[in-house]
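Peer 1: Pasting the sequence and the predicted model now:
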Amino acid sequence: MNAFNRLERIDNLFPEMMRRWARPLQMLDEVDVPSDIRVDISENDKEYLVSAEIPGAKKEDIRVSIDGNYVSIAAEIKKELEEKHGRTLTKETYHGSVSRGFTLGSDVDEKTAVAKLEDGVLRLTLPKRQGSSSRVLKID
């Protein structure tokens, strides 16, 4: 007996339970909520440029924090899907959070960093901190 046959037998034993379990996943697909934050990061000599896709998030629900060279983006997502079919009204609501963190090659000057949200895309301009130095240790 292979794994598929075992799963099929379990599904036959508990068909209603399996359908109820899968229903919330189907609803989330219909509401189309992000499961993570997708980012594009580029850099030049002076700054890092970050584009982060956060569809459905409002600027007051997004938090960006910078700690040295570590950047963290978190957002609360609220989505609603409403359908009317004659006298029947269906309303699906989703509320959740997504987050993403990443480490950059050098420290960021958080005082001059800029964040803008436009059409579900968060754009960060993160200037590199001047004067941050690194050194190679001499091994004795």
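Peer 2: Cool, the structure landed. Numbers count the residues shown, from 1 in each chain.
Peer 1: only C-alpha atoms for contact and neighbour calcs from this point on.
Peer 2: OK.
Peer 1: List the contacts of the nearest residue to Ser72 once chain neighbours are set aside.
Peer 2: Nearest residue to Ser72 in three dimensions, chain neighbours excluded: Gly101, at 4.2 Å (C-alpha to C-alpha, 6 or more residues apart in numbering). Going by C-alpha atoms under 8 Å, 6 or more residues apart in numbering, Gly101 touches 70-73.
Peer 1: Sort out for me which of the residues you listed are in helices.
Peer 2: In this view, the contacts of Gly101 have no member that belongs to helices under DSSP state H.
Peer 1: Selecting buried members of those in ChimeraX, what would you type?
Peer 2: Only the buried entries of those go into this ChimeraX selection, using 16 or more other C-alpha atoms under 10 Å:
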select :71,73
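Peer 1: now, which of the contacts of Gly101 sits nearest Gly105?
Peer 2: Tyr70 (9.2 Å; C-alpha to C-alpha).
Peer 1: So for the closest one, what's the pLDDT?
Peer 2: With respect to pLDDT, Tyr70 scores 92.
Peer 1: Would you confirm that it contacts Gly105?
Peer 2: No: the pair Tyr70 / Gly105 is not scored as a contact, 9.2 Å apart, by C-alpha atoms under 8 Å.
Peer 1: those strands in the chain, which residues are they?
Peer 2: 38-43, 47-53, 62-67, 70-85, 88-103, 114-118, 121-127 (DSSP state E).
Peer 1: Of those strands, which stretch is the most buried?
Peer 2: strand 121-127 (a mean of 20; mean count of other C-alpha atoms under 10 Å).
Peer 1: List the contacts of it.
Peer 2: 46-55, 108-110, 112-117.
Peer 1: okay, the angle between that strand and strand 114-118?
Peer 2: 170 degrees (axes from the mean of the first three to the mean of the last three C-alpha atoms, to 10 degrees).
Peer 1: Can you list the strands that strand 121-127 pairs with?
Peer 2: strand 47-53 (antiparallel), strand 114-118 (antiparallel) (DSSP bridges).
Peer 1: quick one, the last one and strand 62-67 angle?
Peer 2: Same thing as strand 114-118. 160 degrees.
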